[in-house]
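1. Fold the following for me, if possible:
(3 chains)
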Amino acid sequence: MKRSNKPIFWSLFGAGGMLSALIGPALIYETGFHSQALSYDRALAFAQNGFGKLAILAVISLFLFHGCHRMYHSLHDFGIHVGPGLKAAFHGFAAAGTLAAAVLLALI
Amino acid sequence: MNTITIECLRYHPESDAEPRFQSWPVPFTDDMSVLQGLQYIKDHLDGSLTFRWSCRMAICGSCGFVLNGVPRLGCETFLRDYHPGTLRVEPLSHFPIVRDLAIDQSDFLKKLDSVKPYLINPGTPEKGTFVQTPKQMDEYYQYSKCINCLLCYAACPQYGLNSAFAGPGAMALLHRYNADSRDAGKAERMEVVNTEDGVWGCTLVGYCSEVCPKAVDPARAINQNKIESTKDYFFRFFRK
Amino acid sequence: MKTYTRPMAGWWKRNPYYLWYMLREASCLFITAYALMLLWGLYRLQQSKIQYEEWRESLSSPVSLAFHAVALVLVLYHSWTWFKIMPKTLPRIPIPDWLVVAGGVSGVLVCSAAILWLA
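-> Numbers count the residues shown, from 1 in each chain, chains lettered A, B, ... in the order given. Okay, the predicted model is just below:
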(Lines give C-alpha, C1' and ligand atoms only; values in the text may rest on other atoms or scores of the structure.)
Protein backbone atom coordinates (compact mmCIF):
# COMPACT_ATOMS: atom_id res chain seq x y z
CA MET A 1 0.00 0.00 0.00
CA LYS A 2 1.27 3.42 -0.87
CA ARG A 3 2.73 5.45 1.99
CA SER A 4 0.93 8.79 2.24
CA ASN A 5 2.75 12.13 1.99
CA LYS A 6 0.33 13.53 4.48
CA PRO A 7 2.95 13.99 7.27
CA ILE A 8 4.51 16.94 5.43
CA PHE A 9 1.27 18.82 5.01
CA TRP A 10 -0.06 17.78 8.38
CA SER A 11 3.01 19.15 10.12
CA LEU A 12 2.56 22.50 8.36
CA PHE A 13 -1.16 22.37 9.15
CA GLY A 14 -0.36 21.64 12.79
CA ALA A 15 2.19 24.43 13.09
CA GLY A 16 -0.24 26.87 11.52
CA GLY A 17 -3.05 25.66 13.71
CA MET A 18 -0.98 26.08 16.85
CA LEU A 19 0.23 29.55 15.85
CA SER A 20 -3.21 30.77 14.82
CA ALA A 21 -4.74 29.33 17.99
CA LEU A 22 -2.20 31.12 20.19
CA ILE A 23 -1.88 34.53 18.51
CA GLY A 24 -4.72 34.62 15.99
CA PRO A 25 -7.30 36.25 18.24
CA ALA A 26 -4.92 38.99 19.45
CA LEU A 27 -3.68 39.75 15.92
CA ILE A 28 -7.23 40.02 14.63
CA TYR A 29 -8.09 42.33 17.49
CA GLU A 30 -5.11 44.54 16.70
CA THR A 31 -5.72 44.92 12.97
CA GLY A 32 -9.49 45.09 13.35
CA PHE A 33 -10.00 47.26 16.38
CA HIS A 34 -6.63 48.82 17.26
CA SER A 35 -5.09 49.67 13.89
CA GLN A 36 -3.86 53.00 15.26
CA ALA A 37 -1.03 50.94 16.75
CA LEU A 38 0.09 49.90 13.27
CA SER A 39 1.56 53.20 12.06
CA TYR A 40 3.84 53.13 9.03
CA ASP A 41 6.95 53.84 11.07
CA ARG A 42 6.27 51.07 13.59
CA ALA A 43 5.24 48.58 10.92
CA LEU A 44 8.30 49.36 8.80
CA ALA A 45 10.66 49.10 11.77
CA PHE A 46 9.15 45.72 12.65
CA ALA A 47 9.42 44.45 9.08
CA GLN A 48 13.02 45.63 8.78
CA ASN A 49 14.02 43.89 11.98
CA GLY A 50 15.34 40.30 11.58
CA PHE A 51 13.01 38.83 14.18
CA GLY A 52 10.12 40.85 12.75
CA LYS A 53 10.74 39.46 9.28
CA LEU A 54 10.69 35.93 10.62
CA ALA A 55 7.52 36.59 12.60
CA ILE A 56 5.68 38.09 9.64
CA LEU A 57 6.79 35.27 7.33
CA ALA A 58 5.79 32.62 9.88
CA VAL A 59 2.35 34.12 10.42
CA ILE A 60 1.50 34.56 6.73
CA SER A 61 2.99 31.25 5.66
CA LEU A 62 1.71 29.01 8.45
CA PHE A 63 -1.75 30.61 8.51
CA LEU A 64 -1.98 29.96 4.76
CA PHE A 65 -0.80 26.35 5.01
CA HIS A 66 -3.20 25.70 7.88
CA GLY A 67 -6.14 27.30 6.12
CA CYS A 68 -5.50 25.77 2.71
CA HIS A 69 -5.01 22.26 4.09
CA ARG A 70 -8.24 22.45 6.03
CA MET A 71 -10.14 24.01 3.09
CA TYR A 72 -8.94 21.18 0.87
CA HIS A 73 -10.24 18.61 3.36
CA SER A 74 -13.50 20.48 3.80
CA LEU A 75 -14.18 20.09 0.09
CA HIS A 76 -14.00 16.37 0.64
CA ASP A 77 -16.36 16.72 3.61
CA PHE A 78 -18.90 18.32 1.30
CA GLY A 79 -18.69 15.32 -0.98
CA ILE A 80 -16.62 17.01 -3.67
CA HIS A 81 -14.17 14.62 -5.24
CA VAL A 82 -10.66 15.83 -4.49
CA GLY A 83 -7.64 14.53 -6.32
CA PRO A 84 -3.94 15.32 -6.63
CA GLY A 85 -4.78 18.31 -8.86
CA LEU A 86 -6.79 20.13 -6.20
CA LYS A 87 -4.29 19.08 -3.53
CA ALA A 88 -1.48 20.68 -5.53
CA ALA A 89 -3.61 23.78 -6.17
CA PHE A 90 -4.43 24.39 -2.51
CA HIS A 91 -0.99 23.72 -1.12
CA GLY A 92 0.59 25.45 -4.09
CA PHE A 93 -1.46 28.52 -3.27
CA ALA A 94 -0.11 28.51 0.27
CA ALA A 95 3.42 28.05 -1.06
CA ALA A 96 2.92 30.94 -3.49
CA GLY A 97 1.75 33.17 -0.65
CA THR A 98 4.79 32.15 1.34
CA LEU A 99 7.08 33.00 -1.54
CA ALA A 100 5.37 36.36 -2.08
CA ALA A 101 5.79 37.24 1.60
CA ALA A 102 9.44 36.20 1.54
CA VAL A 103 10.17 38.31 -1.52
CA LEU A 104 8.41 41.36 -0.08
CA LEU A 105 10.25 40.99 3.22
CA ALA A 106 13.57 40.72 1.41
CA LEU A 107 12.78 43.95 -0.39
CA ILE A 108 11.74 45.87 2.72
CA MET B 1 -48.67 2.56 31.43
CA ASN B 2 -47.45 4.94 28.75
CA THR B 3 -47.32 4.52 25.01
CA ILE B 4 -44.60 5.73 22.70
CA THR B 5 -44.57 5.85 18.91
CA ILE B 6 -41.64 3.93 17.48
CA GLU B 7 -40.87 4.58 13.83
CA CYS B 8 -38.55 2.12 12.12
CA LEU B 9 -36.84 2.11 8.76
CA ARG B 10 -38.16 -0.81 6.71
CA TYR B 11 -36.40 -2.34 3.76
CA HIS B 12 -37.18 -5.72 2.25
CA PRO B 13 -34.94 -6.15 -0.81
CA GLU B 14 -37.26 -8.68 -2.43
CA SER B 15 -40.09 -6.14 -2.62
CA ASP B 16 -38.69 -2.64 -1.95
CA ALA B 17 -36.76 -0.42 -4.33
CA GLU B 18 -35.86 1.83 -1.42
CA PRO B 19 -36.39 2.11 2.32
CA ARG B 20 -39.57 3.53 3.89
CA PHE B 21 -40.67 4.21 7.45
CA GLN B 22 -43.34 2.44 9.48
CA SER B 23 -44.71 3.43 12.91
CA TRP B 24 -46.29 1.53 15.76
CA PRO B 25 -47.64 2.57 19.17
CA VAL B 26 -45.68 0.67 21.80
CA PRO B 27 -46.79 0.44 25.44
CA PHE B 28 -43.81 0.70 27.78
CA THR B 29 -42.76 0.78 31.42
CA ASP B 30 -39.99 2.90 32.87
CA ASP B 31 -37.47 0.08 32.80
CA MET B 32 -37.91 -0.93 29.16
CA SER B 33 -35.01 -0.51 26.77
CA VAL B 34 -35.33 0.47 23.12
CA LEU B 35 -34.37 -3.12 22.29
CA GLN B 36 -37.32 -4.37 24.32
CA GLY B 37 -39.51 -1.92 22.42
CA LEU B 38 -38.36 -3.45 19.12
CA GLN B 39 -38.93 -6.92 20.53
CA TYR B 40 -42.46 -5.91 21.51
CA ILE B 41 -43.12 -4.83 17.92
CA LYS B 42 -41.74 -8.10 16.58
CA ASP B 43 -43.59 -10.24 19.10
CA HIS B 44 -46.99 -8.54 18.99
CA LEU B 45 -47.32 -6.08 16.10
CA ASP B 46 -45.17 -7.06 13.11
CA GLY B 47 -43.18 -10.28 13.13
CA SER B 48 -41.33 -9.30 9.95
CA LEU B 49 -39.29 -6.54 11.62
CA THR B 50 -35.64 -7.60 11.38
CA PHE B 51 -32.89 -6.49 13.78
CA ARG B 52 -29.85 -7.96 15.50
CA TRP B 53 -29.46 -8.43 19.24
CA SER B 54 -28.03 -10.91 21.70
CA CYS B 55 -26.76 -10.25 25.21
CA ARG B 56 -29.07 -7.36 26.23
CA MET B 57 -26.24 -6.00 28.36
CA ALA B 58 -23.94 -3.93 26.13
CA ILE B 59 -21.18 -6.50 25.74
CA CYS B 60 -21.93 -8.38 22.52
CA GLY B 61 -22.12 -5.33 20.27
CA SER B 62 -25.04 -6.64 18.20
CA CYS B 63 -27.82 -4.10 18.79
CA GLY B 64 -26.36 -0.91 17.36
CA PHE B 65 -28.91 1.49 15.81
CA VAL B 66 -29.27 5.18 15.04
CA LEU B 67 -31.85 6.55 17.47
CA ASN B 68 -33.20 9.99 16.54
CA GLY B 69 -30.00 10.62 14.62
CA VAL B 70 -27.59 9.37 17.29
CA PRO B 71 -25.74 6.03 17.17
CA ARG B 72 -26.69 4.07 20.31
CA LEU B 73 -26.96 0.50 21.57
CA GLY B 74 -30.62 -0.52 21.82
CA CYS B 75 -30.13 -2.49 25.02
CA GLU B 76 -28.72 0.39 27.05
CA THR B 77 -31.05 3.13 25.85
CA PHE B 78 -34.44 3.59 27.45
CA LEU B 79 -37.84 4.30 25.90
CA ARG B 80 -38.68 6.65 28.77
CA ASP B 81 -35.97 9.05 27.53
CA TYR B 82 -37.69 9.46 24.16
CA HIS B 83 -41.15 10.03 25.57
CA PRO B 84 -43.12 12.14 24.84
CA GLY B 85 -42.28 12.20 21.17
CA THR B 86 -41.48 9.74 18.44
CA LEU B 87 -38.50 7.44 18.54
CA ARG B 88 -37.06 7.01 15.07
CA VAL B 89 -34.96 3.87 14.74
CA GLU B 90 -32.64 3.51 11.76
CA PRO B 91 -29.91 1.02 10.95
CA LEU B 92 -26.29 2.01 11.61
CA SER B 93 -25.26 4.81 9.22
CA HIS B 94 -22.60 4.36 6.55
CA PHE B 95 -23.23 0.65 6.07
CA PRO B 96 -25.34 -0.94 3.33
CA ILE B 97 -28.74 -2.07 4.59
CA VAL B 98 -29.42 -5.79 4.22
CA ARG B 99 -32.93 -5.85 5.66
CA ASP B 100 -34.83 -3.40 7.92
CA LEU B 101 -32.45 -2.53 10.76
CA ALA B 102 -29.74 -5.05 9.88
CA ILE B 103 -26.65 -3.84 8.02
CA ASP B 104 -23.88 -5.53 6.10
CA GLN B 105 -20.81 -5.45 8.32
CA SER B 106 -18.52 -7.37 6.02
CA ASP B 107 -16.43 -4.29 5.20
CA PHE B 108 -15.64 -3.82 8.88
CA LEU B 109 -14.60 -7.45 9.16
CA LYS B 110 -12.23 -6.93 6.25
CA LYS B 111 -10.76 -3.84 7.93
CA LEU B 112 -10.40 -5.75 11.19
CA ASP B 113 -8.52 -8.48 9.40
CA SER B 114 -6.20 -5.97 7.77
CA VAL B 115 -4.92 -4.59 11.09
CA LYS B 116 -3.79 -8.07 12.24
CA PRO B 117 -5.69 -7.98 15.55
CA TYR B 118 -3.61 -10.61 17.39
CA LEU B 119 -0.30 -10.75 19.18
CA ILE B 120 2.52 -11.06 16.65
CA ASN B 121 5.71 -12.94 17.62
CA PRO B 122 4.89 -12.89 21.30
CA GLY B 123 7.17 -15.80 22.12
CA THR B 124 6.94 -19.55 22.63
CA PRO B 125 5.70 -21.79 25.45
CA GLU B 126 9.31 -22.77 26.14
CA LYS B 127 10.05 -19.18 27.15
CA GLY B 128 7.49 -19.43 29.92
CA THR B 129 4.47 -17.27 30.70
CA PHE B 130 4.25 -13.57 29.91
CA VAL B 131 5.15 -11.04 32.54
CA GLN B 132 3.23 -7.80 32.16
CA THR B 133 3.11 -5.11 34.79
CA PRO B 134 -0.09 -3.18 35.58
CA LYS B 135 1.57 -0.12 34.04
CA GLN B 136 2.22 -2.02 30.80
CA MET B 137 -1.36 -3.22 30.68
CA ASP B 138 -2.55 0.30 31.27
CA GLU B 139 -0.99 1.30 27.93
CA TYR B 140 -3.52 -0.67 25.91
CA TYR B 141 -6.32 -1.65 28.29
CA GLN B 142 -8.96 0.88 27.26
CA TYR B 143 -8.52 -0.09 23.59
CA SER B 144 -9.09 -3.74 24.43
CA LYS B 145 -12.61 -3.00 25.60
CA CYS B 146 -13.95 -2.64 22.06
CA ILE B 147 -17.03 -4.79 21.46
CA ASN B 148 -17.07 -4.26 17.68
CA CYS B 149 -20.50 -2.65 17.89
CA LEU B 150 -19.78 -0.31 14.95
CA LEU B 151 -21.37 2.76 16.57
CA CYS B 152 -18.10 4.58 15.85
CA TYR B 153 -18.37 3.75 12.15
CA ALA B 154 -21.94 5.03 12.15
CA ALA B 155 -20.64 8.21 13.77
CA CYS B 156 -17.70 8.72 11.44
CA PRO B 157 -18.51 10.89 8.40
CA GLN B 158 -15.11 10.16 6.83
CA TYR B 159 -15.98 6.48 6.72
CA GLY B 160 -19.36 7.39 5.27
CA LEU B 161 -17.73 9.52 2.58
CA ASN B 162 -15.00 6.98 1.80
CA SER B 163 -15.50 3.36 2.82
CA ALA B 164 -11.87 2.57 2.01
CA PHE B 165 -10.96 4.37 5.24
CA ALA B 166 -9.89 1.84 7.87
CA GLY B 167 -12.17 3.53 10.36
CA PRO B 168 -12.14 4.14 14.11
CA GLY B 169 -12.84 0.65 15.43
CA ALA B 170 -10.19 -1.13 13.36
CA MET B 171 -7.62 1.57 14.14
CA ALA B 172 -8.37 1.38 17.86
CA LEU B 173 -7.74 -2.35 17.75
CA LEU B 174 -4.59 -1.82 15.72
CA HIS B 175 -3.37 0.48 18.46
CA ARG B 176 -4.43 -2.01 21.13
CA TYR B 177 -1.97 -4.53 19.77
CA ASN B 178 0.80 -2.06 18.99
CA ALA B 179 0.64 -0.80 22.55
CA ASP B 180 0.68 -4.28 24.08
CA SER B 181 4.14 -5.09 25.48
CA ARG B 182 3.77 -8.72 24.41
CA ASP B 183 3.39 -7.78 20.74
CA ALA B 184 6.19 -7.35 18.20
CA GLY B 185 4.11 -6.58 15.10
CA LYS B 186 4.19 -2.77 14.99
CA ALA B 187 6.26 -2.66 11.80
CA GLU B 188 3.84 -4.99 10.03
CA ARG B 189 0.90 -2.79 10.96
CA MET B 190 2.66 0.42 9.93
CA GLU B 191 1.56 -0.25 6.38
CA VAL B 192 -2.08 0.20 7.37
CA VAL B 193 -1.25 3.21 9.57
CA ASN B 194 0.72 5.20 7.01
CA THR B 195 -1.65 5.24 4.05
CA GLU B 196 -4.28 7.80 3.01
CA ASP B 197 -6.92 5.38 4.26
CA GLY B 198 -5.06 4.71 7.50
CA VAL B 199 -4.65 7.44 10.10
CA TRP B 200 -4.63 10.10 7.38
CA GLY B 201 -8.28 9.48 6.53
CA CYS B 202 -9.22 10.95 9.90
CA THR B 203 -9.99 14.65 10.32
CA LEU B 204 -10.65 14.33 14.05
CA VAL B 205 -14.37 14.96 13.96
CA GLY B 206 -14.25 13.13 17.27
CA TYR B 207 -17.81 11.85 17.22
CA CYS B 208 -16.60 8.25 17.29
CA SER B 209 -15.25 8.68 20.82
CA GLU B 210 -18.45 10.46 21.86
CA VAL B 211 -20.69 7.54 20.90
CA CYS B 212 -18.49 4.63 21.98
CA PRO B 213 -20.39 2.69 24.68
CA LYS B 214 -17.16 1.35 26.14
CA ALA B 215 -15.09 4.56 26.30
CA VAL B 216 -12.49 3.07 24.00
CA ASP B 217 -11.69 6.53 22.61
CA PRO B 218 -10.84 5.50 19.03
CA ALA B 219 -10.19 9.16 18.13
CA ARG B 220 -7.23 9.10 20.50
CA ALA B 221 -5.97 5.77 19.15
CA ILE B 222 -5.93 7.12 15.60
CA ASN B 223 -4.52 10.56 16.31
CA GLN B 224 -1.71 9.40 18.56
CA ASN B 225 -0.62 7.40 15.57
CA LYS B 226 -0.52 10.48 13.34
CA ILE B 227 2.55 11.59 15.28
CA GLU B 228 3.95 8.05 15.04
CA SER B 229 3.33 8.01 11.31
CA THR B 230 4.94 11.46 10.94
CA LYS B 231 8.00 10.38 12.91
CA ASP B 232 8.21 7.25 10.81
CA TYR B 233 7.97 9.34 7.65
CA PHE B 234 10.73 11.75 8.53
CA PHE B 235 13.09 9.46 10.41
CA ARG B 236 12.95 6.45 8.09
CA PHE B 237 16.01 7.79 6.29
CA PHE B 238 18.01 7.64 9.51
CA ARG B 239 17.00 4.13 10.46
CA LYS B 240 18.68 2.22 7.63
CA MET C 1 -26.95 -10.00 -1.82
CA LYS C 2 -29.01 -6.95 -2.71
CA THR C 3 -28.36 -4.12 -0.27
CA TYR C 4 -29.32 -0.44 -0.08
CA THR C 5 -26.72 2.27 0.42
CA ARG C 6 -28.00 5.54 1.81
CA PRO C 7 -26.73 8.83 0.29
CA MET C 8 -24.26 10.97 2.26
CA ALA C 9 -25.46 14.34 0.90
CA GLY C 10 -26.24 16.77 3.69
CA TRP C 11 -24.81 14.45 6.37
CA TRP C 12 -23.50 17.35 8.39
CA LYS C 13 -26.98 18.79 8.89
CA ARG C 14 -28.29 15.64 10.55
CA ASN C 15 -26.66 16.03 13.98
CA PRO C 16 -25.67 19.10 16.06
CA TYR C 17 -22.25 17.53 16.67
CA TYR C 18 -21.53 17.65 12.94
CA LEU C 19 -22.68 21.28 12.70
CA TRP C 20 -20.15 22.30 15.35
CA TYR C 21 -17.50 20.35 13.46
CA MET C 22 -18.32 22.23 10.26
CA LEU C 23 -18.14 25.53 12.16
CA ARG C 24 -14.68 24.57 13.40
CA GLU C 25 -13.63 23.74 9.87
CA ALA C 26 -15.13 27.00 8.57
CA SER C 27 -12.66 28.96 10.68
CA CYS C 28 -10.03 28.05 8.09
CA LEU C 29 -11.70 30.28 5.51
CA PHE C 30 -11.16 33.27 7.74
CA ILE C 31 -7.64 32.29 8.71
CA THR C 32 -6.74 32.08 5.03
CA ALA C 33 -8.46 35.36 4.22
CA TYR C 34 -6.75 37.03 7.16
CA ALA C 35 -3.33 35.84 6.03
CA LEU C 36 -4.04 37.19 2.54
CA MET C 37 -5.09 40.51 4.08
CA LEU C 38 -1.80 40.66 5.97
CA LEU C 39 0.07 39.76 2.80
CA TRP C 40 -1.66 42.63 1.02
CA GLY C 41 -0.71 44.98 3.88
CA LEU C 42 2.89 43.78 3.59
CA TYR C 43 2.79 44.56 -0.12
CA ARG C 44 1.51 48.06 0.61
CA LEU C 45 4.18 48.47 3.29
CA GLN C 46 6.85 47.63 0.76
CA GLN C 47 5.40 50.04 -1.81
CA SER C 48 5.22 53.33 0.05
CA LYS C 49 4.02 55.14 3.14
CA ILE C 50 0.97 56.62 1.35
CA GLN C 51 -0.16 53.24 0.02
CA TYR C 52 0.40 51.56 3.36
CA GLU C 53 -1.57 54.24 5.21
CA GLU C 54 -4.39 53.79 2.67
CA TRP C 55 -4.45 50.09 3.52
CA ARG C 56 -4.43 50.87 7.22
CA GLU C 57 -7.36 53.27 6.70
CA SER C 58 -9.31 50.52 4.98
CA LEU C 59 -9.01 48.42 8.13
CA SER C 60 -11.56 50.77 9.72
CA SER C 61 -14.11 50.36 6.96
CA PRO C 62 -17.46 48.66 7.78
CA VAL C 63 -16.56 45.65 5.62
CA SER C 64 -13.25 45.24 7.40
CA LEU C 65 -14.86 45.61 10.83
CA ALA C 66 -17.51 43.03 9.99
CA PHE C 67 -14.87 40.64 8.66
CA HIS C 68 -12.71 41.09 11.75
CA ALA C 69 -15.67 40.59 14.07
CA VAL C 70 -16.66 37.29 12.45
CA ALA C 71 -13.01 36.22 12.15
CA LEU C 72 -12.42 36.93 15.82
CA VAL C 73 -15.32 34.74 16.90
CA LEU C 74 -14.40 31.89 14.58
CA VAL C 75 -10.68 31.98 15.38
CA LEU C 76 -11.47 31.99 19.10
CA TYR C 77 -13.61 28.93 18.46
CA HIS C 78 -10.69 27.43 16.53
CA SER C 79 -8.37 28.11 19.49
CA TRP C 80 -10.76 26.49 21.91
CA THR C 81 -11.38 23.38 19.80
CA TRP C 82 -7.68 23.11 18.94
CA PHE C 83 -6.64 22.79 22.55
CA LYS C 84 -9.70 20.75 23.53
CA ILE C 85 -8.66 18.19 20.92
CA MET C 86 -4.91 18.37 21.51
CA PRO C 87 -4.81 15.72 24.29
CA LYS C 88 -6.03 13.16 21.78
CA THR C 89 -3.08 13.81 19.49
CA LEU C 90 -0.37 13.54 22.13
CA PRO C 91 1.46 10.35 23.02
CA ARG C 92 0.94 9.04 26.53
CA ILE C 93 2.34 11.58 28.96
CA PRO C 94 1.92 11.84 32.73
CA ILE C 95 -0.18 14.98 32.28
CA PRO C 96 -3.99 14.66 32.52
CA ASP C 97 -6.10 15.84 29.59
CA TRP C 98 -7.68 18.76 31.41
CA LEU C 99 -4.23 20.13 32.26
CA VAL C 100 -3.15 20.03 28.62
CA VAL C 101 -6.28 21.97 27.69
CA ALA C 102 -5.74 24.42 30.54
CA GLY C 103 -2.14 24.85 29.42
CA GLY C 104 -3.24 25.63 25.89
CA VAL C 105 -5.88 28.12 26.99
CA SER C 106 -3.35 29.78 29.30
CA GLY C 107 -1.01 29.99 26.33
CA VAL C 108 -3.66 31.85 24.37
CA LEU C 109 -4.21 34.27 27.27
CA VAL C 110 -0.49 34.88 27.79
CA CYS C 111 0.24 35.38 24.08
CA SER C 112 -2.77 37.65 23.70
CA ALA C 113 -1.74 39.73 26.68
CA ALA C 114 1.78 40.00 25.31
CA ILE C 115 0.61 41.14 21.89
CA LEU C 116 -1.91 43.59 23.30
CA TRP C 117 0.73 45.03 25.59
CA LEU C 118 3.42 45.29 22.92
CA ALA C 119 1.11 46.87 20.34
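
2. any low-confidence regions in the chain?
-> By default, I'm working from chain A. A:1-2 (pLDDT under 70).

3. and it, which residues reach chain B?
-> A:1-4, A:6-8, A:10-11, A:73, A:76-77, A:79 (Cβ under 8 Å from any Cβ of the partner chain). Bear in mind the C-beta positions are built from the backbone N, C-alpha and C, glycine included.

4. Just give me the closest of these to C:Met37.
-> A:His73 (22.7 Å; Cβ to Cβ).

5. so how many other residues sit close to that closest one?
-> By the criterion of other Cβ atoms under 10 Å in any protein chain shown, A:His73 has 18 neighbours.

6. Quick check: chain neighbours aside, which residue is closest to the residue of chain C found nearest chain A?
-> Nearest residue of chain C to chain A (Cβ to the nearest Cβ) works out as C:His68 at 2.7 Å. Once flanking residues are discounted, C:His68 sits nearest to A:Gly32: 2.7 Å by Cβ to Cβ, 6 or more residues apart in numbering or on different chains.

7. Please apply the same query to B:Met190.
-> B:Met190's closest residue in space is B:Asp232 (Cβ to Cβ, 6+ apart), at 6.3 Å.

8. Helix or strand: which one has the one you found?
-> helix B:218-239 (DSSP states H and E).

9. Surely the residue nearest to B:Met190 is in contact with B:Glu191?
-> No. Using Cβ atoms under 8 Å, B:Asp232 is not in contact with B:Glu191; the gap is 10.8 Å.

10. More neighbours: which of the two?
-> B:Asp232 (18 against 15).

11. circling back: now the buried members of the residues of chain A next to chain B.
-> In terms of neighbour count (16 or more other Cβ atoms under 10 Å in any protein chain shown), the buried residues within the residues of chain A next to chain B are A:Arg3, A:Ser4, A:Lys6, A:Pro7, A:Trp10, A:Ser11, A:His73, A:His76, A:Asp77.

12. The first one: which element?
-> Element membership for A:Arg3, per DSSP H and E: none, as it lies in no helix or strand.

13. what's the closest non-adjacent residue to it?
-> B:Asn194 (4.8 Å).

14. Verify the contact between that neighbour and B:Ala166 for me.
-> No. With contacts counted by Cβ under 8 Å, B:Asn194 stays clear of B:Ala166, the gap being 11.2 Å.

15. Which residue comes closest to A:Tyr40 once chain neighbours are left out?
-> Among residues not flanking A:Tyr40 along the chain, C:Lys49 sits closest, at 4.7 Å (Cβ to Cβ, 6+ apart).

16. how near is the one you found to C:Ser64?
-> 20 Å (Cβ to Cβ, to the nearest Å).

17. Same check on C:Val73?
-> Counting by Cβ to Cβ, the gap from C:Val73 to C:Ser64 is 15 Å.

18. try B:Tyr141
-> Taken as Cβ to Cβ, the span from B:Tyr141 to C:Ser64 is 53 Å.

19. which of those two has more neighbours?
-> C:Ser64 (16 against 13).

20. Which residue, other than its chain neighbours, is closest to C:Val101?
-> C:Phe83 (5.2 Å).

21. Which SSE is immediately downstream of the host helix or strand of B:Val89?
-> For B:Val89, the host element (DSSP H and E) is strand B:86-90. Per DSSP H and E, strand B:86-90 leads on to strand B:97-99 as the next helix or strand towards the C-terminus.

22. Does that next one reach chain C?
-> Yes. Strand B:97-99 is in contact with chain C by Cβ under 8 Å from any Cβ, via B:Ile97, B:Val98.

23. still on that earlier bit, got a list of what the residue nearest to C:Val101 touches?
-> C:Phe83 is in contact with A:Ala21, C:Val100, C:Val101, C:Gly103, C:Gly104, C:Val105, C:Gly107, C:Val108, counting by Cβ atoms under 8 Å, 6 or more residues apart in numbering or on different chains.

24. Which positions within the longest helix seen in chain C qualify as buried?
-> Counting by DSSP state H, the longest helix found in chain C is helix C:16-47. Using 16+ other Cβ under 10 Å as the test for burial, helix C:16-47 gives C:17-18, C:20-21, C:24-32, C:34-39, C:41-46.

25. got it, and stretch C:111-119?
-> Result for stretch C:111-119 [16+ other Cβ under 10 Å]: buried residues C:Cys111, C:Ser112, C:Ile115, C:Ala119.

26. Throw those into a markdown table and include secondary structure, thanks.
-> Shown next, in a markdown table, are the buried residues of stretch C:111-119 (DSSP: H, G, I helix; E, B strand; the rest coil):
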| residue | secondary structure |
| --- | --- |
| C:Cys111 | helix |
| C:Ser112 | helix |
| C:Ile115 | helix |
| C:Ala119 | coil |
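
27. circling back to that earlier point, quick one: the residue nearest to C:Val101 is in a helix?
-> Yes. Per three-state DSSP, C:Phe83 lies within a helix segment.

28. Looking at chain C, what residue ends up closest to chain B?
-> Using Cβ to the nearest Cβ, the point where chain C gets nearest to chain B is C:Thr3, with a distance of 3.6 Å.

29. I'd guessed that residue sits against B:Val98; true?
-> Yes. Contact criterion Cβ under 8 Å: C:Thr3 and B:Val98 qualify, at 5.6 Å.

30. Among the two, which residue is more densely surrounded?
-> B:Val98 (20 against 14).

31. residues contacting the more buried one?
-> B:Pro13, B:Asp104, C:Met1, C:Thr3.

32. Please, where are all the helices along the chain?
-> Unless you meant another one, I'm taking chain A. So, for chain A - with DSSP H - the helices run A:6-33, A:40-48, A:50-77, A:84-107.

33. I was after chain B.
-> B:34-40, B:106-114, B:134-138, B:151-155, B:157-161, B:168-178, B:186-194, B:207-211, B:218-239.

34. So which elements touch the fourth one?
-> To tie it back to what came earlier, the one meant is helix B:151-155. Taking 3 or more Cβ pairs under 8 Å, 6 or more residues apart in numbering or on different chains; DSSP states H and E as contact, the helices and strands that helix B:151-155 lies on are strand B:64-67, strand B:70-73, helix B:168-178, helix B:207-211.

35. about what we covered before: and the residue of chain C closest to chain B, what are its phi and psi?
-> phi -120, psi 170 (degrees, to the nearest 10).

36. Quick check: closest non-adjacent residue to the residue nearest in space to the middle of chain C.
-> Centroid-nearest residue in chain C, with Cα atoms, centre = their mean: C:Val75, separated by 2.8 Å. Once flanking residues are discounted, C:Val75 sits nearest to A:Gly24: 4.2 Å by Cβ to Cβ, 6+ apart.
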